[in-house]
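Sequence unavailable; structure follows:
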């Protein structure tokens, strides 16, 4: 039983992390779909746990392991190809509802198998509470080991697909390994040979799948960085950089290159030192050579991408490239104003990873790195040359308001790209006629930033229309209240009638969220007023453990990425630390033999949540990763202890009870936490109220635990 439970943990971490990584990489790097995917995973695990208690099959555990291990690599490849199957156009953003539905459905097969396996393995024990706790412990231990393996091996050794094959080899070898030493040696040798073969076979299959996905383009390379999946394709004389299935840059594209670099130089032609946050190799570097007296530094964290672009393109000699996260770089240099101009090429804020760069937190760091009178230049890819839709107005207004929260003066240009200029000095003293006249002094032959184009672009009608659009909303974007990913999803929803009908009320005005506290209060009174309330309240504690644990886990994911920039590669380690905490909390709590264990468990969760709320924004960058490992581990220990206490309450003296029901109730709470926390609640209420709501639920659970003892 113990070995099977450990292997179940390996399969679970593979099912979760590898599919999550592939979903994020396939659906535009959007972390909103981490929540919806985990919802699909947890609901399907709950369904599988329930089925496992109802359906009796001979040797079902062995068969289910094999089915799951075969399905996992197939599902990973299917997820990679899903965007193309939905839109039919390479690089097109998949609308929110379809992407959310795909993320949920993709997790169901492995989730059902994992839940079914849990109930099947617990059925091998004779005492319900003991068998459930033991399996929970060894499953968490296996998930922790699997998380470490995934973090260490995916990227440097295996792709997501290759890691799925490697997990299949490891699990099958462990399942079939007999007790004799000679047989163990033979099995280990064959497994090592298979793993070595996978190291070479996996990239071949990955290449062929990506080659099919991006046809008729030529696939130059495709690889993972710590920040997402990168693909470089070419066709004739064009080179295209894809990031998480979105076109990040095309070379040559002189119109975009000129819009990204030249406009702030019209405001400040005397600039000597420019910081460009983005990739310079695909256009901007071609322009910097015309400004030999200007020192240009480019900032981007993707070192592996730098190496691949260097292989395909001449290294830019006029730009100094620093591989570092923008938030980290600017934080460490907060007190050193060095730059005349800072240019931020962030892309569309359709995910938290990009949205974090368009917050008051980031803009304050930018302002601190500018010389007095310096200019912050923010080009955004929204066409405001003519009609501006209400949804686009909302996005642009929030960006503008966020700039005005930090800078005294903000100017703007309409056009096929909308350009913002922010500074501590008044830029409006430079009239459009002055800026147009300065184009003649540019040392390069500009095709788009010239007198003809700017005369049309900066006419009074277009400027006033954009100004009116920017006044339609008064809110701003911050790390504590990230609005832009929601607004961008609403803007993207205008591509189809169904999306237009469903997404705006779903994300923009989520009054339906009031159903969640109503559900919690109803369940609370149902359990506390039950004549057998001590036992019945165990179900409420299981529900609370699931909901709170996922809320804290996903909140930690969001905040960690907001400050550090990277979540894609650390996801497995963070989930692994959480699972290890669950395992340790479960094991220790079951063996202390102490009554009313729910009280210290709830107090530990309350303390961890409160300490996180008070300290998360004051953690030095160099210890951020360890801080979140410790927080998730501590929260998981409390969750594991609460799971034991609640399980003991509900199953005490009931050997014939359905052993999957309690697990399923916990997973229902977890699925609600997964679906709502960062997908809806965080953008709607903000981080502060999300954490306060979570802490209030724990206080309610404590009150109920006292009442149910009477």
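Arrived safely. None of the values given here were measured: they were computed from a predicted structure. Residues are numbered from 1 along each chain as shown.

Could you chop this protein up by domain?
For the chain, whose domains are defined here by automatic domain parsing, the residue ranges read 1-216, 253-480, 510-710.

and the residue lying closest to residue 583 once chain neighbours are set aside, what is it in contact with?
Distances taken as CB to CB, 6 or more residues apart in numbering put residue 140 closest to residue 583, at 2.8 Å, once the chain neighbours are dropped. Heads up, the C-betas are built off the backbone N, CA and C, glycines and all. Residues in contact with residue 140 (CB atoms under 8 Å, 6 or more residues apart in numbering) are 9, 579-584, 586, 640.

Tell me how far the helix or strand containing residue 140 lies from the chain's centre.
Assigning secondary structure by DSSP states H and E places residue 140 in helix 128-153. Taking CA atoms, centre = their mean, to the nearest Å, the mean C-alpha location of helix 128-153 is offset from the chain mean by 23 Å.

Mind checking which of the contacts of residue 140 are in helices?
Taking DSSP state H, the ones among those that sit in helices are 9, 579-584, 586, 640.

Please, which helix or strand holds residue 297?
Of the helices and strands defined by DSSP H and E, residue 297 is found in strand 295-299.

Between the domains of the chain, which one is closest to residue 496.
For residue 496, the closest of these is domain 1-216, at 6.1 Å, according to CB to CB.

circling back to that earlier point, mean confidence score for the strand holding residue 297?
The average of the pLDDT scores along strand 295-299 is 94.

same for that strand, what does it pack against?
Judged by 3 or more CB pairs under 8 Å, 6 or more residues apart in numbering; DSSP states H and E, the packing partners of strand 295-299 are strand 273-277, helix 284-288, strand 319-322.

can you give me the angle the first one makes with strand 295-299?
With axes from the mean of the first three to the mean of the last three CA atoms, to 10 degrees defining the directions, strand 273-277 sits at 20 degrees from strand 295-299.

And strand 273-277, how far out from the chain middle?
On the basis of CA atoms, centre = their mean, the separation between the geometric centre of strand 273-277 and that of its chain is 27 Å.

Mind listing the strands that strand pairs with, and their directions?
Taking DSSP bridges as the criterion, strand 273-277 pairs within the sheet with strand 295-299 (parallel), strand 339-344 (parallel).

can you check the shortest one too?
The pairing partners recorded for strand 319-322 under DSSP bridges are strand 295-299 (parallel).

show me the contacts for residue 170.
Residues counted as contacts of residue 170 (CB under 8 Å, 6+ apart) are 10, 191, 195.

Would you format those as CSV with neighbour count included?
Putting those into CSV (neighbours: other CB atoms under 10 Å) gives the following:
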residue, neighbour count
10, 25
191, 18
195, 18
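
Rebuild these as JSON lines, extending it with distance to residue 624.
Below are those laid out as JSON lines (distance: CB to CB, whole Å):
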{"residue": "10", "distance to residue 624": "28"}
{"residue": "191", "distance to residue 624": "36"}
{"residue": "195", "distance to residue 624": "33"}
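
so which of those comes closest to residue 573?
Set against residue 573, the nearest of the contacts of residue 170 by CB to CB is residue 10 (15.1 Å).

how near is that closest one to residue 250?
Distance of residue 10 to residue 250, computed by CB to CB, to the nearest Å: 41 Å.

Check residue 35 too.
Taking CB to CB as the criterion, residue 35 is separated from residue 250 by 32 Å.

Look at those two and report which has more neighbours.
Set side by side, residue 35 and residue 250 give different neighbour counts by other CB atoms under 10 Å, the larger being at residue 35 (26 against 14).

give me every residue that touches the more buried one.
So, once contact is read as CB under 8 Å, 6+ apart, residue 35 ends up touching 554, 674-679.

Filter those down to just the buried residues.
Of the members of the contacts of residue 35, the ones counted as buried by neighbours, 16 or more other CB atoms under 10 Å, are 554, 674-679.

Relative to residue 97, which of those is nearest.
Among those, and counting by CB to CB, the member closest to residue 97 is residue 679, at 12.2 Å.

What sits closest to the closest one if chain neighbours are left out?
Counting by CB to CB, 6+ apart, the residue nearest residue 679 is residue 35, at 4.1 Å.

Now do stretch 531-551: distance to the chain's middle.
Using CA atoms, centre = their mean, the distance from the centre of stretch 531-551 to the centre of the chain it belongs to is 28 Å.

Quick one: residues in contact with stretch 250-261.
When contacts are taken as CB under 8 Å, 6+ apart, the neighbours of stretch 250-261 outside the stretch itself are 237-241, 249, 276, 278, 281-284, 286-288, 313, 343, 345, 379, 415-417, 419, 446-449.

biggest strand in the protein by residues?
Assignment by DSSP state E gives strand 370-380 as the longest strand of the chain.

what does it rub up against?
Outside strand 370-380, the residues within contact range by CB under 8 Å, 6+ apart are 259-260, 263-264, 267-268, 271, 273, 337-346, 348, 358, 363, 366-367, 396, 399, 403, 407, 417-425, 427.

Give me the nearest residue to residue 357, chain neighbours excluded.
Computed as CB to CB, 6+ apart, the closest residue to residue 357 that is not its neighbour in sequence is residue 346, at 4.5 Å.

Three-state assignment for that neighbour, please.
When states are read from DSSP: H, G, I helix; E, B strand; the rest coil, the local structure at residue 346 comes out as coil.

if I look at residue 444, how far off is residue 415?
When distances are taken as CB to CB, residue 444 and residue 415 turn out to be 19 Å apart.

circling back: return the most buried member of the strands paired with strand 273-277.
Ranked by mean neighbour count under mean count of other CB atoms under 10 Å, the strands paired with strand 273-277 are led by strand 339-344, which reaches a mean of 24.

That strand - what's its average pLDDT?
If you average the per-residue pLDDT over strand 339-344, you get 96.

cool, stretch 675-691 as well?
Rounded to a whole number, the mean pLDDT of stretch 675-691 is 93.

next one: that stretch to chain centre, how far?
Taking CA atoms, centre = their mean, one finds stretch 675-691 lying 14 Å from the centre of the chain it belongs to.

Contacts made by it with the rest, please.
Counting by CB under 8 Å, 6+ apart, 31-32, 34-36, 38-39, 352, 479-483, 485-486, 506-507, 510, 513, 516, 550-551, 554-555, 557-559, 609, 612-613, 693 sit against stretch 675-691.

start to end distance for it?
Taking CA to CA, to the nearest Å, the span from the opening residue of stretch 675-691 to its closing residue is 16 Å.

how about low-confidence regions in this protein?
In the predicted model of the chain, residues 1, 54-60, 123-133, 177-190, 333-337, 533, 593-594, 651-663, 710 satisfy pLDDT under 70.
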